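Chemist: turn this into a model:
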Amino acid sequence: MRTEKEQVTNVILTGADEANPDDDIIHVIEIKTGDTNVIESMVKIIKEMNMEDRVVFISFYDYQLELVRKAM
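Modeler: Now for the predicted structure:
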């Protein structure tokens, strides 16, 4: 069984692979876990895919959003 971090990475990569760099779609990523270990992986993948200006994060976990802000 895959870890939660691996599952999150897979979801982001799938979405990034399907994204067209020439479209204006803003992707909404909802962080549904309180596990802070997933943030580093998400931000790394988003930066590798050059999608920093095309994603919006939402979460009920304020500290997760703060970590994303600091990492981006």
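
Chemist: and the helices in the protein?
Modeler: With helices called from DSSP state H, the chain shows them at 4-18, 37-48, 62-71.

Chemist: tell me what the closest residue to residue 65 other than its chain neighbours is bridged to.
Modeler: Sequence neighbours aside, residue 59 is the residue nearest to residue 65 in space, at 5.4 Å (criterion: C-beta to C-beta, 6 or more residues apart in numbering). For glycine as for every other residue, the C-beta is placed from the backbone atoms N, C-alpha and C. Beta-bridge pairing for residue 59 (DSSP bridges): residue 31.

Chemist: wait, isn't residue 59 in contact with residue 32?
Modeler: Yes - counting by C-beta atoms under 8 Å, residue 32 is a contact partner of residue 59 at 7.3 Å.

Chemist: neighbour count: these two, which is higher?
Modeler: Neighbour comparison, residue 59 and residue 32: the larger count goes to residue 59, with 17 against 14 (by other C-beta atoms under 10 Å).

Chemist: tell me the contacts of the more buried one?
Modeler: Contact partners of residue 59, counting by C-beta atoms under 8 Å, 6 or more residues apart in numbering, are 30-32, 65.

Chemist: may I see the ChimeraX selection of the buried members of those residues?
Modeler: The buried residues among the contacts of residue 59 can be selected in ChimeraX (16 or more other C-beta atoms under 10 Å) with this line:
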select :31
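
Chemist: and the two most separated of the contacts of residue 59?
Modeler: Greatest spatial distance among the contacts of residue 59 (C-beta to C-beta): 32 and 65, at 12.5 Å.

Chemist: please tell me I have it right and residue 61 contacts residue 31.
Modeler: Yes - Residue 61 lies in contact with residue 31 (C-beta under 8 Å); the separation is 6.3 Å.

Chemist: find me the pLDDT at residue 23, would you?
Modeler: You'll see residue 23 listed with a pLDDT of 71.
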